[in-house]
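>>> I would like to see how this sequence folds:
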Amino acid sequence: MQKELVYRIGQKVYVSEPKMPQYGKWVIVRGTSNGHSLGIFLVCRDDKGNKLLLRESEVSISQPVTGYS
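Numbers count the residues shown, from 1 in each chain. Next up, the predicted model:
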């Protein structure tokens with residue numbers, strides 16, 4: 001049984017993985033890719049046109065907190 005993805009193609013989401021240089025920036029979901037034993041990845045593009053393969057756990061609808069006031 002395949003898991004249904006939460007995100008839609010064309011939706012803007014934020015990178016929520018702190019290890020990535022795009023952390024806290026939005027990307028647009030362009031599709032999905034099957035990594036076979038690695039699982040399903042979201043194919044995303046950032047504002048500079050860079051292609052990113054992200055797991056569903058590495059993105060968020062809400063912007064992550066990137067600093068403290």
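>>> list the contacts for the spatially most central residue of the chain?
In the chain, the residue lying closest to the centroid (C-alpha atoms, centre = their mean) is residue 59, at 4.0 Å. By C-beta atoms under 8 Å, 6 or more residues apart in numbering, residue 59 lies in contact with 7, 13-16, 27, 29, 42, 44. Bear in mind the C-beta positions are built from the backbone N, C-alpha and C, glycine included.
>>> Which positions within stretch 13-33 qualify as buried?
For stretch 13-33, a neighbour-count test (16 or more other C-beta atoms under 10 Å) marks 13-16, 22, 27, 29 as buried.
>>> Who are the packing partners of the top strand by length along the chain?
Taking DSSP state E as the criterion, the chain has its longest strand at strand 26-34. Packed against strand 26-34 by the contact rule (3 or more C-beta pairs under 8 Å, 6 or more residues apart in numbering; DSSP states H and E) you find strand 12-15, strand 40-45, strand 51-54.
>>> ok so, going back, which one of the buried residues of stretch 13-33 sits closest to residue 51?
residue 27 (9.7 Å; C-beta to C-beta).
>>> May I ask which two of the contacts of residue 59 are separated the most?
16 and 29 (13.7 Å).
>>> that older thread, in JSON lines: the buried residues of stretch 13-33, plus distance to residue 38 and pLDDT.
Formatted as JSON lines, these follow (distance: C-beta to C-beta, whole Å; pLDDT from 0 to 100):
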{"residue": "13", "distance to residue 38": "20", "pLDDT": "96"}
{"residue": "14", "distance to residue 38": "22", "pLDDT": "95"}
{"residue": "15", "distance to residue 38": "18", "pLDDT": "95"}
{"residue": "16", "distance to residue 38": "19", "pLDDT": "93"}
{"residue": "22", "distance to residue 38": "20", "pLDDT": "92"}
{"residue": "27", "distance to residue 38": "19", "pLDDT": "97"}
{"residue": "29", "distance to residue 38": "18", "pLDDT": "96"}
